[in-house]
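S.K.: task: produce atomic coordinates for the following.
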Amino acid sequence: MAITLTVNAAERVKRFLNESGSTVGLRFGVKRTGCSGMAYVVDLARSIEPGDEVYESMGVKIVVDRESLSFLDGTEIDFSGEPMSESFRFSNPRQKTQCGCGESFGV
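M.R.: Numbers count the residues shown, from 1 in each chain. Down below sits the predicted model:
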């Protein structure tokens, strides 16, 4: 499987990358938190570390640490830019539960 971006997400990430300067792509991972167990983490990747997996989608490198990969493999990242709220959205085939506030998920 792979991790992919929609057109909207790729356009937004490319703008972030162009504005930031010294980055190699998008860093995508998980952290343990919240009432459902895990939360998505999205940041700019400044380097590729040993143990990272790198995917490419729509001309953007997506860097994922090995520990997060088992929770994220197959995920599609989208971006929604509504007038009062901009956010990344995740379609994760491994996700089984989500907390009521939408901040954390479980597999």
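S.K.: residue ranges with poor pLDDT in this protein?
M.R.: In the prediction, the chain carries residues with pLDDT under 70 at positions 34-36, 96-106.
S.K.: report the central residue of it.
M.R.: Residue closest to the mean C-alpha point of the chain, counted by Cα atoms, centre = their mean, is residue 28 at 3.9 Å.
S.K.: for this structure, which segments count as helices?
M.R.: For the chain, the helices defined by DSSP state H occupy 7-20, 66-72.
S.K.: picking up where we left off before, isn't the residue nearest to the centre of the chain right up against residue 61?
M.R.: No - Residue 28 lies out of contact with residue 61 (Cβ atoms under 8 Å); the separation is 10.5 Å. In short, each C-beta sits where N, CA and C put it, glycine included.
S.K.: count of neighbours near residue 49?
M.R.: Counted with other Cβ atoms under 10 Å, residues neighbouring residue 49 total 11.
S.K.: which ones are touching it?
M.R.: By Cβ atoms under 8 Å, 6 or more residues apart in numbering, the contact set of residue 49 is residue 65.
S.K.: ok, the residue nearest to the centre of the chain - contacts?
M.R.: For residue 28, the contact set (Cβ under 8 Å, 6+ apart) comprises 3, 40-42, 62-64, 68, 72, 75, 77.
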